[in-house]
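K.L.:
What follows is a predicted structure for the sequence shown.
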Amino acid sequence: MKRRLLLLLPLLVFLGLGLFFYRGLGMDPSARDSALLAQKFPFFNLTTLEAPSRRVDESLFEGEVTLVNVWGEWCPTCKQEMPQLLDLAERGVRLVGINYKDTQRKGLEFLEEYGNPFELNIFDPEGGLGFELGVYGAPESFLVDKEGIIRYKHTGYITPKDVEQITQEVEKWQR
């Protein structure tokens, strides 16, 4: 009897692990909330893409509601998202970009080709700021309130349907 149980034990462990991994395959990682929601924007001190001699830090986000968009020239969905970001800028949404794991030349060429809705772009070639934000991959966007607190996160590219929701989120935090 003991021997049969010992033979069944590996099978039961294998079935349990299989069920665990199968369940994980069905989960959407973009549906996870950011650990930074309701937290101050992380500390950083980086240059801008447009002016490498200009340094900016997290104080950039204090005083005005800002949509921070993480993008890269190498990112195909960032190209798909650009018309929506241009639309948001036309609606009066303040946008700051984080050029993530890119080169300055490629980042500037991207903006020249697809348009530049950003007030400025933080240049993050090593991805350190993206790491601090918990970025899984570009594009990702964070809504930062007037006090520099992250209030909303959008994982993945912003679709035309998302523009209205994001505009409403911005208006909510502007009050």
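P.N.:
Great, that's in hand.
K.L.:
Could you give me the buried positions within stretch 70-82?
P.N.:
For stretch 70-82, a neighbour-count test (16 or more other C-beta atoms under 10 Å) marks 70, 71, 72, 73, 75, 78, 81, 82 as buried. Just so you know, the C-beta spots here come from the backbone N, C-alpha and C atoms, and that holds for glycine as well.
K.L.:
That stretch - what's its average pLDDT?
P.N.:
Across stretch 70-82, the average pLDDT comes to 97.
K.L.:
what does stretch 114-129 give?
P.N.:
Mean pLDDT, stretch 114-129: 97.
K.L.:
which residues sit against it?
P.N.:
Stretch 114-129 is contacted by residues 42, 44, 46-50, 52, 56, 60, 69, 79, 82, 85-86, 88-89, 94-104, 107, 111, 130, 135 when judged by C-beta atoms under 8 Å, 6 or more residues apart in numbering.
K.L.:
repeat for stretch 91-109
P.N.:
Contacting residues not belonging to stretch 91-109 are listed as 49-50, 52, 60-61, 64-74, 85, 88-89, 110, 117-127, 129-130, 133, 135, 138, 163, 166-167, 170 [C-beta under 8 Å, 6+ apart].
K.L.:
which of the residues in it are buried?
P.N.:
Buried residues in stretch 91-109, counting neighbours by 16+ other C-beta under 10 Å, are found at 93-102, 104, 107-108.
K.L.:
Among the contacts of stretch 114-129, name the ones in helices.
P.N.:
Members of the contacts of stretch 114-129 lying in helices (criterion: DSSP state H): 79, 82, 85, 86, 88, 89, 104, 107, 111, 130.
K.L.:
From residue 112, how far off is the residue nearest to the last one when sequence neighbours are not counted?
P.N.:
The one in question is residue 130. Nearest non-adjacent residue to residue 130, counting by C-beta to C-beta, 6 or more residues apart in numbering: residue 100, 4.8 Å away. Applying C-beta to C-beta, to the nearest Å, the value for residue 100 to residue 112 is 18 Å.
K.L.:
and what of residue 119?
P.N.:
For residue 119 relative to residue 112 (C-beta to C-beta), the value is 17 Å.
K.L.:
Those two: who's more crowded?
P.N.:
residue 119 (13 against 9; other C-beta atoms under 10 Å).
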